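Student: Curious how this folds, go ahead:
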Amino acid sequence: MKGNTVKASVTTSSATERVLDIVVPRERLDKIFQDKLKKYSKTMKINGFRPGAVPKEVVAARYKEPIAAESLETLVDDAVREACKENNIEPVGPGRVEKLENEPGKDIAFQAVMEVDPEVVLNDYKFNIELKPNAVDEKTVDMRVDDIRTQLADQAAVARPAQTGDVLMARYLRIEMEGEEQPLPQYPVFRIELGKGSVAALDEALVGAKAGETKDVSFTYPADFANPTMAGKKAAYNLTIEQVLEVKRPELNDEFAKGIGYDTVADMRARLKERLEESALRVARELAWNEAIDRLLVNHPVEVPKARVQNYVNNRLQEQGHVHEGDDHGHDHSDLEAEAVSQIRRWRILDAIAAKENVKPDQEQVDERIHELALRYGTDFESLKASLRKNGKILEIREEVKAEKTLDLVIGYKGKAA
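Tutor: Numbering: from 1, shown residues only. The predicted structure follows:
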């Protein structure tokens, strides 16, 4: 075999693997070896020779084996890259080399097993899913107005017993769960607004408490409590009441409304209702999206390459503060692997639908999302946009907007994106 041409034949071993049988001329490896000798002869420092003037023969005599190994590695990397390009293969990982043959005087032959994304064959993907946003009535608006007044309220310590609506500051002295003592939290002082706590029984038990009092309270967590490890369990607290704070909310009038950016109380209520309705619609859309995604995953059993799963797991571990150096040390990441498969399948299916339907986010939609982030983070739009563009995160926002537009198409939603 003459020249520098890489010869490769491709076999499909599975939906996610391609096997390349590659043959490379011996002359090409010899040239790489000579080029590396030349480079090292100019950079190595060896006693008895001027810097940059070490004869190649001397370098070869001393370092032939490591340079030969490095040359072979370079040859294999280059050959795999060229073979993939020639055969329109887009690897999702570095792949692995098998059956390497490197006999003196013969061409180099080996197999490269490369992982690829399988083609997504689209089946049924348009569903008419009815949106069912929660109704926003006057009572809902009243609650939102009360929340705003509470957030802007003054709080003053009082000596009287605590009443519903007061804020109570208490310190844990002892915690029991199902009769067993539990360790105290790192920060044992907690704050609770009586009447609005997540456990009504605890609120009721603390009504009538006074500052400086030590109190025992017993209750049972609701069966649907947010923390499943505590749901339905009996608890007993020994507490010291440090403060009882009376909440003095501002009077609800047009002056109050103007102070927080509205013209009148009526204007405030109307605009708050509009925002609450937008939020309710957003929640309904997200529920419909989740239903659609479940159906898409059933309709499209796309296989996921192992390299993509591993990359996803590594990234998630880094986000969680774990250092990953290629060795799992026996740790079980099956939960993350299952999450990876689901998320990658979701992304690939939506990407295929977006390509077929020509779904693209326009700049106005991307800017609208950045405006939302700027308000959330308390910064200005232009500064945030420049920062996102600089670190490449703006591409993630574009992909997020594209995915949402695609999901709206899937569920049959034709209204304005919330």
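
Student: give the contact list for the residue nearest the centre of the chain.
Tutor: Using Cα atoms, centre = their mean, the residue of the chain that lies closest to the mean C-alpha position is residue 316, 7.3 Å off. Applying Cβ atoms under 8 Å, 6 or more residues apart in numbering to residue 316 gives the contacts 336, 339, 340. To be clear about C-beta, it is placed using only N, CA and C from the backbone, and glycine gets the same treatment.

Student: Next: residue 160.
Tutor: When contacts are counted by Cβ under 8 Å, 6+ apart, residue 160 touches 210, 244.

Student: how about it, phi and psi?
Tutor: Per-residue torsions, residue 160: phi -70, psi 170 (degrees, to the nearest 10).

Student: ok, now residue 109?
Tutor: Backbone torsions of residue 109, given as degrees, to the nearest 10, read phi -130, psi 140.

Student: I'd say it and residue 22 touch.
Tutor: Yes. Using Cβ atoms under 8 Å, residue 109 makes contact with residue 22 at a distance of 7.0 Å.

Student: which of those two has more neighbours?
Tutor: Set side by side, residue 109 and residue 22 show more neighbours around residue 22, with 21 against 16, by other Cβ atoms under 10 Å.

Student: Show me how far stretch 173-192 is from its chain's centre.
Tutor: 32 Å (Cα atoms, centre = their mean, to the nearest Å).

Student: Now do it: distance from first to last residue.
Tutor: Terminal residues of stretch 173-192 are spaced 16 Å apart (Cα to Cα, to the nearest Å).

Student: who's in contact with it?
Tutor: Applying Cβ under 8 Å, 6+ apart, the external contacts of stretch 173-192 come out as 167-172, 202-203, 206, 214, 230, 233-240, 242.

Student: Going by neighbour count, which residues in it are buried?
Tutor: 175, 192 (16 or more other Cβ atoms under 10 Å).

Student: What of stretch 350-361?
Tutor: Neighbour counts over stretch 350-361 (16+ other Cβ under 10 Å) mark 350, 351, 352, 353, 354, 359, 361 as buried.

Student: sorry, back to before: and the residue nearest to the centre of the chain, how far is that from residue 309?
Tutor: Counting by Cβ to Cβ, to the nearest Å, the gap from residue 316 to residue 309 is 11 Å.

Student: Spit out the residues that contact these two alike.
Tutor: Residues touching both residue 316 and residue 309 (Cβ under 8 Å, 6+ apart) are residue 340.

Student: Quick one: residues contacting the most far-flung residue of the chain relative to its centre.
Tutor: Distance to the chain centre peaks in the chain at residue 48, reaching 57.5 Å (criterion: Cα atoms, centre = their mean). By Cβ under 8 Å, 6+ apart, no residues touch residue 48.

Student: Tell me how far it lies from residue 294.
Tutor: 73 Å.

Student: Which PyMOL command selects the buried ones in the contacts of stretch 173-192?
Tutor: This is the PyMOL syntax for the buried subset of these, where burial follows 16+ other Cβ under 10 Å:
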select buried, resi 167+168+169+170+172+202+203+206+235+237+239+240+242
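
Student: From the contacts of stretch 173-192, which land in helices?
Tutor: Residues of the contacts of stretch 173-192 located in helices (DSSP state H): 202, 203, 206.

Student: which one of those sits closest to residue 298?
Tutor: Of all those, residue 202 has the smallest distance to residue 298: 42.9 Å, by Cβ to Cβ.

Student: What pLDDT does the model give the nearest residue to the closest one once chain neighbours are set aside?
Tutor: Nearest residue to residue 202, sequence neighbours excluded (Cβ to Cβ, 6 or more residues apart in numbering): residue 219, at 5.3 Å. As predicted, residue 219 sits at a pLDDT of 92.

Student: do the same with residue 311
Tutor: 89.

Student: before we move on, what about residue 324?
Tutor: 52.

Student: What is the subsequent helix or strand relative to the longest strand seen in the chain?
Tutor: With DSSP state E setting the assignment, residue counts place strand 234-248 as the longest strand in the chain. If you walk from strand 234-248 toward the C-terminus, the next helix or strand you reach (DSSP states H and E) is helix 254-259.

Student: residue ranges with poor pLDDT in the chain?
Tutor: Scanning the chain for pLDDT under 70 picks out 1-4, 322-330, 416-418.

Student: Would you map out the domains in the chain?
Tutor: According to automatic domain parsing, the chain comprises the domains 7-115, 154-248, 256-411.

Student: Identify whichever of the ones you listed lies nearest to residue 126.
Tutor: Set against residue 126 and scored by Cβ to Cβ, those come closest in domain 256-411, at 6.3 Å.

Student: How many residues are close by residue 366?
Tutor: By the criterion of other Cβ under 10 Å, residue 366 has 19 neighbours.

Student: is it true that it touches residue 396?
Tutor: No. Contact criterion Cβ under 8 Å: residue 366 and residue 396 do not qualify, at 10.7 Å.

Student: can you give me phi and psi for residue 36?
Tutor: Main-chain torsions, residue 36, degrees, to the nearest 10: phi -70, psi -40.

Student: give me every residue that touches it.
Tutor: 67, 70, 71, 74.

Student: does the nearest residue to the last one once chain neighbours are set aside sit in a helix, a strand or a coil?
Tutor: If I follow you right, that is residue 74. In space, and not counting its chain neighbours, residue 74 is closest to residue 32: 5.5 Å by Cβ to Cβ, 6+ apart. Secondary structure for residue 32, judged by DSSP: H, G, I helix; E, B strand; the rest coil, is helix.

Student: What residues does residue 32 make contact with?
Tutor: So residue 32 contacts 71, 74, 75 (Cβ under 8 Å, 6+ apart).

Student: What about these, which one has the most neighbours?
Tutor: For those, neighbours tallied by other Cβ under 10 Å; top is residue 75, 22 neighbours.

Student: What residues of the lengthiest helix in the chain count as buried?
Tutor: Under DSSP H, the helix in the chain containing the largest number of residues is helix 265-299. Applying a neighbour-count criterion of 16+ other Cβ under 10 Å, one finds 265, 268-269, 272-273, 276-277, 280-281, 284-285, 288-289, 292-293, 295-296 buried in helix 265-299.

Student: rewinding a little: please identify which pair of the buried residues of stretch 350-361 lies farthest apart.
Tutor: So for the buried residues of stretch 350-361, where distance means Cβ to Cβ, the most widely separated pair is 352 and 361, at 16.7 Å.

Student: Show me where the stretch 51-200 of the chain has its strands.
Tutor: 96-101, 108-115, 154-157, 167-177, 180-182, 189-193 (DSSP state E, counting those that start in this stretch).
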